[in-house]
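>>> no FASTA, just this:
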């Protein structure tokens with residue numbers, strides 16, 4: 001599904017549908033969680049802030065800058081210094097989001113919230129890639145500084161989360177396969193890799 005390599009959008013849809021079904025079942029079996037009204041007010045203030053500014057950077061320019069950085073720095077092969085540079089620039093863009101972004105109408109307000117999500121995704125991709133110090137699954141996940149696959153340390157899921165608004169990563173063991181998979185199947189993506197440099 002979404003966490004299986006090379007099964008991008010179809011896997012994301014499938015994973016989203018499964019997650020939605022589980023969320024609906026969980027909701028039926030559990031009471032609503034308590035929440036802090038002050039946190040809701042703070043989030044409303046954050047989300048609507050661009051509409052309250054008279055001038056600044058429109059969301060389409062921030063989105064363009066973010067997407068250019070993704071294309072310039074996060075495309076394979078993965079180079080550690082480029083990823084670190086991207087993280088530094090993402091932090092600068094995040095500052096622009098908080099202080100300089102403005103929206104002239106509801107459409108631009110929606111776009112300003114969308115660009116915040118785009119930036120989050122780019123930041124997560126950089127963080128997760130730097131955390132996993134190996135290469136796996138063919139050219140898409142080839143790290144120049146760590147060209148070999150390392151099953152001893154990295155045959156696991158990497159879990160990305162935020163703690164105190166900072167990105168963190170952790171490892172989680174891979175559960176036994178429900179359907180047995182032949183060893184030749186498990187290495188299909190590895191066989192796509194070019195092992196001899198050009």
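Structure's in. What do you need? Since we're looking at a predicted model, the values are computed, not measured.
>>> Which neighbouring elements make contact with the helix or strand bottoming out on mean pLDDT in the chain?
Within the chain, judged by mean pLDDT, DSSP states H and E, the helix or strand with the poorest mean is helix 183-186; its value is a mean of 71. Contacts defined by 3 or more CB pairs under 8 Å, 6 or more residues apart in numbering; DSSP states H and E place helix 183-186 against no helix or strand at all. Bear in mind the C-beta positions are built from the backbone N, C-alpha and C, glycine included.
>>> which residue ranges form the strands in the protein?
Under the criterion DSSP state E, the chain carries strands at the ranges 156-163, 166-173.
>>> May I see the buried residues of stretch 132-144?
For stretch 132-144, the neighbour count (16 or more other CB atoms under 10 Å) marks 132, 134-138, 141-143 as buried.
>>> And for stretch 122-130?
Buried residues in stretch 122-130 (16+ other CB under 10 Å): 122-123, 125-127, 129-130.
>>> Need the max-distance pair from the buried residues of stretch 132-144.
Farthest pair in the buried residues of stretch 132-144 (CB to CB) is 132 and 138. Separation: 14.4 Å.
>>> mind listing what the residue in the chain sticking out farthest from the centre touches?
Relative to the C-alpha centroid of the chain, counting by CA atoms, centre = their mean, residue 54 is the outermost residue, at 31.4 Å. Contact partners of residue 54, counting by CB atoms under 8 Å, 6 or more residues apart in numbering, are residue 102.
>>> again with residue 57
Shown in contact with residue 57 (CB under 8 Å, 6+ apart): 96, 100-102.
>>> distance of it from residue 120?
According to CB to CB, to the nearest Å, residue 57 stands 18 Å off from residue 120.
>>> Same check on residue 54?
Taking CB to CB, one finds residue 54 at 26 Å from residue 120.
>>> So what's the residue count around the closest residue to residue 112 other than its chain neighbours?
Sequence neighbours aside, residue 59 is the residue nearest to residue 112 in space, at 4.0 Å (criterion: CB to CB, 6 or more residues apart in numbering). As a burial measure, residue 59 scores 25 neighbours (other CB atoms under 10 Å).
>>> Quick one: list the elements packing against the longest helix along the chain.
Ranked by residue count and defined by DSSP state H, the top helix of the chain is helix 106-131. Packing partners of helix 106-131 (3+ CB pairs under 8 Å, 6+ apart): helix 37-52, helix 59-73, helix 80-99, strand 156-163, strand 166-173.
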